[in-house]
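Trainee: okay, here's the prediction I keep looking at, along with the sequence it came from:
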Amino acid sequence: MGPMLVLLGVLLVVAGFAVGLNPLLVVLASALATGLAAGLSPMEVLAAFGKAFNENRYVSAAWLILPVIGVLERSGLQEAARGLIARLRSVTFARLMLAYLLFRQVTAALGLISIAGQTQTIRPIIAPMAEAARASETGVEALDSSEAQKVRAFAAGTDNIGLFFGEDIFLAIGSILLMVGFLEQNGITVEPLHLSVWAIPTAIAAFLVHGCRILLFGRRRPRP
Amino acid sequence: MIGLTQVYALAGLVFAGFAVMSLRDPANPRRWRNALFWGLFALSFLAGDHLGDLGNGLLVLAMAVTAALGLGRSGTGADDAGARAASARAHGLRLFLPALLVPVIVLAGSLGVRHGGPVAAALVDPKQATLVSLSLAALVVAALTVRLFRQPVLSPLTEGLRLADTVGWMALLPQTLAALGAVFALAGVGAVVGETVTRVFSMDTRLAAVAVYCLGMAGFTVLMGNAFAAFPVMTAGVALPILVKVYGGDPAAICAIGMLSGFCGTLLTPLAANFNLAPAALLDLDDRYAVIRAQAPTALVLLLVNTVLMHVLAFPAHP
């Protein structure tokens, strides 16, 4: 039973997120439970957590982009994106999303993962465009809130899917380097190229599967 | 050499700016709490290396408690739809230029450092080329936008704060989850989960073993929030001893498709907060899990596809 006790922290996270408690407090409680189960004192857990938090600051450094996106929005970027799509009648929701999915997969496959993203592309440009395309093809002035939220969530998901199932085709991406290093430790030598070619079938499947879902989403009639 | 230190200093100054702007915001009834939250964020970025491990732990604790008490939203940012529409009409397509300049600078910067020879490598830390370029782009394009579209000088900070307050405490979650991952690793959680998986499921046939590996990678990633944490455990526990040694599979194909099965798990888990929860906050969605719900059907079908692909493609010697 002893070693199983460290799973308490995992259970806490799952239960805490499921019940809807504040995730920050859930994470801290889970760290405490995990550390105590592993035989650390509360102070040692707090220090270990603080050390790891400090070492992972680069995760939050990405928010540096907020001021420039904010001032672009203040200048009317979202409205310009909406206006552009409203004028281009041939750009439907499905065509826009398919084009963005392909763009994200291809550029990620070339290693260009930071040229687009949720903060810099989806929020100021792609989500407003998708909403405008959806509004004009369903013949309304503006989408109601529930449909608008569905469209925005779908656009955000499309960005993640394009990124995840494109980036592993690139040779020097983190996950490929992790696999090469891990296999080497276990006495197996593989070239990065051999790993990345095996990402191609799934990438094609991802485009087909999510592409079908985009087409279905575009055909869906919103409830009157 | 320009590297993480300078990027963190810039981020610290931006967060400090958010804290000051919060204080000067009479429209936000919780301005003190917001100022404290962003101020502590600034402290972490400006002085985190001098606080000590316990000091950093106390800092996270203070931020989490402040956030859990409830933050307000900035009221100083321009929520003036009329002014934005007028600006959009006046500037038209020119508004896209700065937005496109951000990726161009990121691209030029990272390629320039990687292929720019010893001079570029001495100027910028090659390992941090992307983050340095992104920071440079954020600075240059913000200044350019203010000038081109005649926005107030402080508007990058007030508007940045408007977005930051939209994200709210969720802005802190990805970094705290990364720290939780480190505590999990310290306590050996991964090994215990991996052992349990291999003990509970039988792998008498090749298909069963493939399914345990692919579904295990996804399930483990859902629990740990990160496919990179699941990969070493599941691969050492299932892929190498059983799929490669017993069934003679190709390690490259098995690992690559296994990692992508883990990515299916990433699309399904709230623990991958930077991909799944932060965008929901940033897009002002009422349902915290709306992005996960939008991704789930694709992720589940692709998980099945990966399992079939591995079964069919990864065992060339024994079809």
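Mentor: Noted; the coordinates are in hand. It should be emphasised that the depicted structure is a prediction, and the values quoted were computed from it without experimental measurement.
Trainee: which SSE is the most centrally placed residue in chain A in?
Mentor: The residue lying closest to the centre of chain A (CA atoms, centre = their mean) is residue A:160, at 3.6 Å. Taking DSSP states H and E as the criterion, residue A:160 maps to helix A:145-167.
Trainee: number of residues surrounding the closest residue to chain A within the stretch 101-250 of chain B?
Mentor: Residue nearest to chain A within the stretch 101-250 of chain B (CB to the nearest CB): residue B:159, separated by 2.8 Å. All C-beta atoms are positioned from the backbone trio N, CA, C, and that covers glycine. Residue B:159: 29 surrounding residues under other CB atoms under 10 Å in any protein chain shown.
Trainee: next: residue B:109.
Mentor: Using other CB under 10 Å, residue B:109 has 23 neighbouring residues.
Trainee: what sits closest to it if chain neighbours are left out?
Mentor: residue B:133 (2.7 Å; CB to CB, 6 or more residues apart in numbering or on different chains).
Trainee: residue ranges with poor pLDDT in the chain?
Mentor: With no chain named, the answer covers chain A. A:1-2, A:222-224 (pLDDT under 70).
Trainee: ah, no, chain B please
Mentor: Residues of chain B that meet the cut-off, pLDDT under 70, sit at B:75-79, B:317-319.
Trainee: thinking again about what came up before, for the residue nearest to residue B:109, give me phi and psi.
Mentor: Backbone torsions of residue B:133, given as degrees, to the nearest 10, read phi -60, psi -40.
Trainee: surely it and residue B:104 touch.
Mentor: No. Using CB atoms under 8 Å as the test, residue B:133 is too far from residue B:104 to be in contact (10.0 Å).
Trainee: who has more neighbours, those two?
Mentor: Per other CB under 10 Å, whichever of residue B:133 and residue B:104 has more neighbours is residue B:133, with 23 against 13.
Trainee: so who does that one touch?
Mentor: With contacts defined as CB atoms under 8 Å, 6 or more residues apart in numbering or on different chains, the neighbours of residue B:133 are A:114, B:105, B:106, B:107, B:108, B:109, B:110, B:113.
Trainee: residue A:73 and chain B, how far apart?
Mentor: Going from residue A:73 to chain B by CB to the nearest CB, to the nearest Å gives 7 Å.
Trainee: what about residue A:142, how many residues close to it?
Mentor: Residue A:142: 11 neighbours (other CB under 10 Å).
Trainee: tell me how far it lies from chain B.
Mentor: 11 Å.
Trainee: name the nearest residue to that residue, ignoring sequence neighbours.
Mentor: In space, residue A:142 is closest to residue A:135, 5.9 Å off (CB to CB, 6+ apart).
Trainee: hang on, the earlier thing: which of the contacts of residue B:133 tops the neighbour count?
Mentor: Counting neighbours by other CB under 10 Å, residue B:106 comes out on top of those with 27 neighbours.
Trainee: how near is that residue to residue B:136?
Mentor: 8 Å (CB to CB, to the nearest Å).
Trainee: pretty sure the residue nearest to the centre of chain A sits against residue B:268.
Mentor: No. Taking contacts as CB under 8 Å, residue A:160 lies outside contact range of residue B:268: 10.9 Å.
Trainee: what residues are shared contacts of the two?
Mentor: residue B:295.
Trainee: how near is residue A:26 to residue A:99?
Mentor: Counting by CB to CB - residue A:26 and residue A:99 are separated by 39 Å.
Trainee: looking at the two, which one has more neighbours?
Mentor: Higher neighbour count among residue A:26 and residue A:99: residue A:26, with 24 against 11, using other CB under 10 Å.
Trainee: who's in contact with the nearest residue to that one once chain neighbours are set aside?
Mentor: Sequence neighbours aside, residue A:16 is the residue nearest to residue A:26 in space, at 3.2 Å (criterion: CB to CB, 6+ apart). Applying CB under 8 Å, 6+ apart, we find residue A:16 in contact with A:23, A:25, A:26, A:29, A:30.
Trainee: the third one and residue A:13 touch, don't they?
Mentor: Yes. In this structure, residue A:26 sits in contact with residue A:13. The criterion is CB under 8 Å, and the distance is 6.1 Å.
Trainee: out of everything not next to it in sequence, what's closest to the residue nearest in space to the middle of chain B?
Mentor: Nearest to the mean C-alpha position of chain B, by CA atoms, centre = their mean, lies residue B:274 at 3.6 Å. Spatial nearest neighbour of residue B:274, chain neighbours left out: residue B:174 (3.8 Å); criterion: CB to CB, 6+ apart.
Trainee: with residue B:203 instead?
Mentor: residue B:209 (3.9 Å).
Trainee: tell me if that neighbour really is in a strand.
Mentor: No. Residue B:209 is assigned helix when assessed by DSSP: H, G, I helix; E, B strand; the rest coil, not a strand.
Trainee: what about it, how many neighbours?
Mentor: So residue B:209, with other CB under 10 Å, has 23 neighbours.
Trainee: so what's residue A:44 up against?
Mentor: residue A:35.
Trainee: so it belongs to a strand, correct?
Mentor: No. According to three-state DSSP, residue A:44 belongs to no strand; its state is helix.
Trainee: for it, give its distance to residue A:188.
Mentor: When distance is defined by CB to CB, residue A:44 is 37 Å away from residue A:188.
Trainee: can I assume residue B:68 is in contact with residue A:22?
Mentor: Yes. The pair residue B:68 and residue A:22 qualifies as a contact (CB under 8 Å) at a distance of 4.5 Å.
Trainee: which helices and strands sit right next to whichever strand or helix holds the residue nearest to residue A:142?
Mentor: For residue A:135, the element it lies in under DSSP H and E is helix A:127-137. In terms of contacts (3 or more CB pairs under 8 Å, 6 or more residues apart in numbering or on different chains; DSSP states H and E), helix A:127-137 is packed against helix A:77-87, helix A:93-109, helix A:145-167.
Trainee: 10 Å instead?
Mentor: helix A:77-87, helix A:93-109, helix A:145-167, helix A:200-219 (3 or more CB pairs under 10 Å, 6 or more residues apart in numbering or on different chains; DSSP states H and E).
Trainee: distance to chain B added to these, as CSV?
Mentor: Listed next are those as CSV, based on distance: least, CB to the nearest CB, whole Å:
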stretch, distance to chain B
helix A:77-87, 4
helix A:93-109, 9
helix A:145-167, 4
helix A:200-219, 5
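Trainee: which of the ones you listed is buried the deepest?
Mentor: helix A:145-167 (a mean of 23; mean count of other CB atoms under 10 Å in any protein chain shown).
Trainee: could you point out the helix or strand that follows that one?
Mentor: Using DSSP H and E, the helix or strand that follows helix A:145-167 in sequence is helix A:174-185.
Trainee: now do that following helix: everything it contacts.
Mentor: Helix A:174-185 has contacts (CB atoms under 10 Å, 6 or more residues apart in numbering or on different chains) with A:113, A:164, A:167-171, A:188-196, A:199, B:227-228, B:231-232, B:235-236, B:239-240, B:244, B:251-252, B:255-256, B:258-260, B:262-263.
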